[in-house]
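Enquirer: Quick one, fold the following:
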Amino acid sequence: MLKLLRSFIEQKHVLVLGFGREGKSTLRRLLEAGGAASITVADQNEVHPDGVSVPVICGPGYLDSMDRFDLVFKSPGIVLPREPETYSCRITSQTEVFFQAYRDRIVGITGTKGKSTTTTLLYHILKASGRDAVLAGNIGIPAFDILEEIGPDTTIVCELSCHQLEYIHVSPHLAVLLNIHEEHLDHYGTMEKYVHSKQQIYLHQHPEDILLCGLEVIPEKGSCASRVYTVSDTSESAHVRLAGSRILFEGHHYQIPVEEIHLLGHHNQVDIAFVYALCRMLGVSEEAFTAGLKSYEPLPHRLHFAGVRDGVRYYDDSISTICETTIQALKSVPAPGSVLIGGMDRGIDYTELIQYLSEDPVPHIILMEATGKRILEEIRQHYPDFRHPERLHSVQNLKEAVACAREVTPAGTACILSPAAASYGIFKNFEERGDTFIRYVFS
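Expert: Have a look, this model is predicted:
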């Protein structure tokens with residue numbers, strides 16, 4: 001891997017753009033590989049690389065000097081002010097170089113929702129079955145940090161965000177595209193650009209590669225060179241079918257042991273169907289699959305049961321940033337008594353959620369922050385037939401929302417934090433939002 005990296009940077013002036021966890025990992029490996037004419041770090045914030053002496057560009061203009069360099073390693077999430085082809089430098093990333101080195105053994109997983117659960121579930125089952133596997137990517141583990149763990153028979157399971165896929169020119173051998181919903185429009189501007197970033201997971205595949213995708217995101221004819229397997233819970237024509245809680249794939253009929261696993265809700269059963277097909281492709285026995293499925297513990301902040309107070313069950317679904325996840329939360333949790341919705345307004349369309357809330361019997365809908373105010377205003381202006389509008393409670397923030405929930409949620413029911421909105425600008429991330437929710441509930 002370091003030899004490949006050296007070939008990328010040999011005698012080049014290199015910029016590490018963004019100095020968070022991935023940027024630090026990239027700098028470390030670039031210095032190990034050696035051979036660059038120069039290496040510079042750029043970040044909007046003031047940063048100080050530990051233990052090394054490299055030039056640093058900081059401040060609001062940190063993106064202005066990119067064309068001074070031959071090669072730029074861009075960290076995910078940085079929004080370039082121009083289209084990448086207008087720069088004279090070559091823009092690459094840690095993900096792209098890693099994929100060039102290991103693509104034949106990578107299972108790459110993306111989607112608007114469900115990718116973390118699908119990725120960690122697959123990794124857990126592989127490890128539990130005795131397979132040599134490593135986990136990397138958007139799950140919080142930079143790919144360059146696991147190089148020493150990769151052996152000749154290692155399966156690499158990578159969660160991939162749209163930002164990691166955005167500018168790559170190589171796709172993994174085994175790719176998974178779960179779904180695409182309206183998201184990240186503040187970054188991409190248009191839904192078309194966001195969709196294209198997700199499609200990068202298969203656009204550079206080879207004929208011998210495999211794409212496993214939801215029926216709603218099948219590639220357009222001629223855009224995908226690999227073999228395509230579809231997954232659906234509605235169509236009998238899909239290669240992988242979820243019928244109730246039974247998975248049908250290539251003559252195999254697998255009954256999900258719903259009462260013996262910790263994953264809650266139908267949407268998680270769809271993720272299980274993806275993982276079942278992947279495990280069959282990777283040679284995992286049905287017995288090993290079942291054992292791993294039963295021992296898997298869900299990730300925090302994903303419809304996570306937080307505990308009981310005053311007879312009310314509290315669920316933390318802070319990762320919810322779109323309408324669909326809030327709808328799934330209300331469908332999945334038994335006897336919802338209240339739901340907390342709202343956060344940063346990124347301009348997504350809330351029509352689907354408003355229409356669902358009108359019909360859903362949840363007795364209390366607590367709306368907070370910018371999107372909560374927008375949803376309430378849209379209901380008042382455009383939905384005169386919204387059923388039982390007295391269920392709507394308007395509050396300023398999460399603290400007030402929890403106080404309201406503790407006052408109005410009936411004992412014996414559940415309170416669900418499922419915001420259908422981003423946390424940015426209010427909290428550092430969705431994890432901090434979920435932790436804050438739990439602290440407010442139980443303090």
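Enquirer: Could I get the buried residue list for stretch 300-320?
Expert: Applying a neighbour-count criterion of 16 or more other C-beta atoms under 10 Å, the buried positions in stretch 300-320 are 301-304, 306, 312-320. Any C-beta I mention is one placed from the backbone N, CA and C, and that applies to glycine too.
Enquirer: Pick out whichever of those residues sits closest to residue 245.
Expert: The closest of these to residue 245 turns out to be residue 303 (C-beta to C-beta; 17.0 Å).
Enquirer: My guess is the closest one contacts residue 331. True?
Expert: No - when contacts are counted by C-beta atoms under 8 Å, residue 303 is not listed as touching residue 331 (10.6 Å).
Enquirer: Quick check: neighbours shared by these two?
Expert: residue 265 (C-beta atoms under 8 Å, 6 or more residues apart in numbering).
Enquirer: which one among the buried residues of stretch 300-320 gets closest to residue 257?
Expert: For the buried residues of stretch 300-320, the nearest to residue 257 is residue 303 (18.6 Å; C-beta to C-beta).
Enquirer: show me the contacts for the closest one.
Expert: Residue 303 is in contact with 264, 265, 268, 315, 316, 317, 329, 332, 333, 416, 418, counting by C-beta under 8 Å, 6+ apart.
Enquirer: what do you get for residue 362?
Expert: So residue 362 contacts 330, 336, 337, 338, 339, 391 (C-beta under 8 Å, 6+ apart).
Enquirer: Which one (most neighbours) among those?
Expert: residue 339 (31 neighbours; other C-beta atoms under 10 Å).
Enquirer: Let's verify that one: helix, strand, or coil?
Expert: strand (DSSP: H, G, I helix; E, B strand; the rest coil).
Enquirer: so how far is residue 401 from it?
Expert: 10 Å (C-beta to C-beta, to the nearest Å).
Enquirer: Likewise for residue 79?
Expert: 30 Å.
Enquirer: who has more neighbours, those two?
Expert: Shown here are residue 79 and residue 401; by other C-beta under 10 Å, residue 401 has more neighbours (28 against 11).
Enquirer: Report the distance from the helix or strand harbouring the more buried one to the chain centre.
Expert: Assigned by DSSP states H and E, residue 401 belongs to helix 398-408. Chain-centre distance of helix 398-408: 28 Å, with C-alpha atoms, centre = their mean, to the nearest Å.
Enquirer: hmm, back to that, out of the contacts of residue 362, the closest to residue 272 would be?
Expert: Distances from residue 272 to the contacts of residue 362, taken by C-beta to C-beta, are shortest for residue 330, at 20.3 Å.
Enquirer: buried set for whatever helix or strand the closest one lives in?
Expert: Using DSSP H and E, residue 330 sits within helix 323-332. Buried residues in helix 323-332, counted by 16+ other C-beta under 10 Å: 323, 324, 325, 326, 327, 328, 329, 330, 332.
Enquirer: wait, doesn't residue 254 sit right on residue 246?
Expert: Yes - Residue 254 lies in contact with residue 246 (C-beta under 8 Å); the separation is 6.8 Å.
Enquirer: These two - which one has more neighbours?
Expert: residue 254 (21 against 13).
Enquirer: Sticking with residue 194, tell me its helix or strand.
Expert: helix 191-203.
Enquirer: can you give me the offset of that helix from its chain's centre?
Expert: That offset, for helix 191-203, works out to 14 Å (C-alpha atoms, centre = their mean).
Enquirer: which stretches of the stretch 201-350 of the chain form helices?
Expert: Here the stretch 201-350 of the chain has its helices, by DSSP state H, counting those that start in this stretch, at 266-281, 286-295, 323-332.
Enquirer: I'd like those as TSV, with mean pLDDT appended.
Expert: Shown next, in TSV, are the helices of the stretch 201-350 of the chain (pLDDT from 0 to 100):
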stretch	mean pLDDT
helix 266-281	97
helix 286-295	98
helix 323-332	94
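Enquirer: Adding distance to residue 160, write those helices out as a markdown table.
Expert: Compiled in a markdown table, the helices of the stretch 201-350 of the chain are given as follows (distance: least, C-beta to C-beta, whole Å):
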| stretch | distance to residue 160 |
| --- | --- |
| helix 266-281 | 14 |
| helix 286-295 | 22 |
| helix 323-332 | 19 |
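Enquirer: Any idea which of those gets closest to residue 373?
Expert: Judging those by C-beta to C-beta, what sits closest to residue 373 is helix 323-332, at 16.4 Å.
Enquirer: Give me the residues contacting the helix holding residue 194.
Expert: With C-beta under 8 Å, 6+ apart as the criterion, helix 191-203 contacts 108, 110-112, 160, 162-163, 165-166, 168, 171-172, 175-177, 180, 182-185, 187-188, 209, 211, 213, 217, 219, 223-224, 226.
Enquirer: residues of that helix that come out buried?
Expert: 194, 197, 198, 199, 200, 201, 202, 203.
Enquirer: Quick check, residue 95 in contact with residue 167.
Expert: No - using C-beta under 8 Å, residue 95 is not in contact with residue 167, being 9.1 Å away.
Enquirer: For the two, indicate the residue with more neighbours.
Expert: Each of residue 95 and residue 167 has its neighbours counted (other C-beta under 10 Å); residue 95 has more, 29 against 18.
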